[in-house]
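Visitor: Fold the following.
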Amino acid sequence: MRRALVLTDEAARHPFRAALPAHVRREAVRARRTIDWRLSAGDMRGFATAYFASFAAVLAFIL
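Guide: You can find the predicted model right below:
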């Protein structure tokens with residue numbers, strides 16, 4: 001049985017990931033997705049709804 005001289009990978013940055021074999025870490029890197037930060041119309045509508053609801057609640061509390 002062939003074993004590596006060093007059993008952990010310091011570049012993994014987490015004890016659990018450092019203990020994983022190299023082929024498992026390679027597959028995890030390929031599985032990453034890109035994050036899309038663009039706002040949609042639904043996001044803007046949700047923000048406006050929350051903003052105006054909060055504004056109305058504060059206004060009702062003051063008056």
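
Visitor: Show me what the mean pLDDT comes to for the longest helix seen in the chain.
Guide: If you go by DSSP state H, the chain has its longest helix at helix 41-62. Mean per-residue pLDDT for helix 41-62: 96.

Visitor: Now do it: which elements does it pack against?
Guide: Here helix 41-62 is seen to pack against no other helix or strand when contacts are counted using 3 or more CB pairs under 8 Å, 6 or more residues apart in numbering; DSSP states H and E. Bear in mind the C-beta positions are built from the backbone N, C-alpha and C, glycine included.

Visitor: Just the buried positions in it, please.
Guide: In terms of neighbour count (16 or more other CB atoms under 10 Å), helix 41-62 has no buried residues at all.

Visitor: for R38, helix, strand, or coil?
Guide: Under the three-state scheme (DSSP: H, G, I helix; E, B strand; the rest coil), the conformation of R38 reads as coil.

Visitor: List the residues that contact it.
Guide: By CB atoms under 8 Å, 6 or more residues apart in numbering, no residues touch R38.

Visitor: What distance do you get for it to R45?
Guide: Using CB to CB, to the nearest Å, one gets 15 Å for the distance from R38 to R45.
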